[in-house]
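Colleague: Sequence first, then the predicted structure:
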Amino acid sequence: MNIILLGPPGAGKGTQARILMERKGMVQLSTGDMLRAAVAAGSEVGRKARAVMEAGQLVSDEIVIGVVSERLDAPDVRQGVIFDGFPRTVAQAEALDALLADKGMSLDAVVSMEVDDEALVDRVSGRFTCAGCGEGYHDTHKRPAVEGVCDKCGGTEFKRRADDNAETVRERLNAYHAETAPLIDFYRAQGKLRTVDGMAEIDEVTAQIGAALA
Ligand code: ADP
Ligand code: ADP
Ligand code: ZN
């Protein structure tokens, strides 16, 4: 099964993708993670993407589609893919349809995670992750069980993203409403759209996604 988790920054896409990965053996394909890795590695893609990401704007369709196309050639995607943060424009969605057809794959469902804009600023501003395993946490909504120790790997180092500040989040939300929200109608027209309440507790959202995919 191949699915898209669709929603604004902070909606909980990464959180739910990791749970689906653990429980269903699917592969998470996060273009944000891939672009951050490219920036860290100083590759050509990273050099082009860096300033755009820091400003909270969208990296060009051409670059992002290239990165995804390459990733879909790896054999592990046959276990099923969770697209997280991709597609983000109608042009990316059309390119994804073509890429999947080309590789003999198809899209089963698109889960739209609905969250109020006011909650998103708090979600993103309070977000941090384990430097060792990437597990996601939040200052108030999801703290490690033991203060300063990762629940998953026992690591004690955590990091925050440079673009997770209130000002950049507002820019990212603008980009979401202008460029990404039209995908809701795009996938509704394909009959693939499912909607979950992203304002619910993490476990409840997981249950709603499970029901939407059943
Ligand atoms: P996205 O990948 O959509 O940008 P994340 O999964 O990183 O979002 O979640 C953003 C922040 O909100 C993280 O700190 C995460 O721990 C927290 N979070 C995720 N889902 C929920 C939820 N249902 N309720 C409260 N906080 C959540
Ligand atoms: P979030 O889920 O919190 O919005 P991501 O990690 O998905 O964050 O994305 C971080 C940044 O990476 C975006 O603000 C954007 O600059 C860039 N990016 C990620 N995915 C895409 C994409 N599909 N198209 C264009 N830019 C992207
Ligand atoms: Zn960890």
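Modeller: Yes, it's here. Ligands and ions are numbered 1, 2, ... in the order given.
Colleague: and the closest residue to Ile3 other than its chain neighbours, how many neighbours does it have?
Modeller: Distances taken as Cβ to Cβ, 6 or more residues apart in numbering put Ala109 closest to Ile3, at 5.0 Å, once the chain neighbours are dropped. Where you see a C-beta, it was placed from the backbone N, CA and C, and this is true even at glycine. Using other Cβ atoms under 10 Å, Ala109 has 16 other residues around it.
Colleague: need the contact list for Ala109.
Modeller: When the contact criterion is Cβ atoms under 8 Å, 6 or more residues apart in numbering, the partners of Ala109 are Met1, Ile3, Ile4, Lys192, Leu193, Arg194, Ala212, Leu213.
Colleague: ok, and which of these reach ligand 3?
Modeller: For ligand 3, no contacts are drawn from these by Cβ under 5 Å from the ion.
Colleague: Of all pairs in those residues, which one is the farthest apart?
Modeller: Greatest spatial distance among the contacts of Ala109 (Cβ to Cβ): Met1 and Leu193, at 15.6 Å.
Colleague: which of those two has more neighbours?
Modeller: Shown here are Met1 and Leu193; by other Cβ under 10 Å, Leu193 has more neighbours (19 against 14).
Colleague: quick revisit: look up phi and psi at the residue nearest to Ile3.
Modeller: Main-chain dihedrals, Ala109, degrees, to the nearest 10: phi -160, psi 160.
Colleague: gap between it and Val205?
Modeller: From Ala109 across to Val205, the span is 15 Å (Cβ to Cβ, to the nearest Å).
Colleague: and Ile4, which of the three is it?
Modeller: Counting by DSSP: H, G, I helix; E, B strand; the rest coil, the backbone at Ile4 sits in strand.
Colleague: hang on, it packs against Phe83?
Modeller: Yes - between Ile4 and Phe83 there is a contact under Cβ atoms under 8 Å: 4.4 Å.
Colleague: Between these two, which has more neighbouring residues?
Modeller: Ile4 (26 against 23).
Colleague: what's the neighbour count on Asp151?
Modeller: 15.
Colleague: Next: Val68.
Modeller: Around Val68 there are 20 residues (other Cβ under 10 Å).
Colleague: How about Lys142?
Modeller: Neighbourhood size, Lys142 [other Cβ under 10 Å]: 16.
Colleague: Grab the nearest non-local neighbour of it.
Modeller: Of all residues not flanking Lys142 in the chain, Ile202 sits nearest, at 6.8 Å (Cβ to Cβ, 6+ apart).
Colleague: What strand or helix carries Gln16?
Modeller: For Gln16, the element it lies in under DSSP states H and E is helix 13-24.
Colleague: per-residue pLDDT, the residue lying closest to Glu171 once chain neighbours are set aside?
Modeller: Leaving out its chain neighbours, the residue that sits closest to Glu171 by Cβ to Cβ, 6+ apart is Gly56, at 3.3 Å. Listed pLDDT for Gly56 reads 95.
Colleague: Also the one 10 residues further on?
Modeller: According to the predicted model, the pLDDT of Gly66 comes to 97.
Colleague: and the gap between the residue nearest to Lys142 and Met1?
Modeller: Ile202 is 21 Å from Met1, by Cβ to Cβ.
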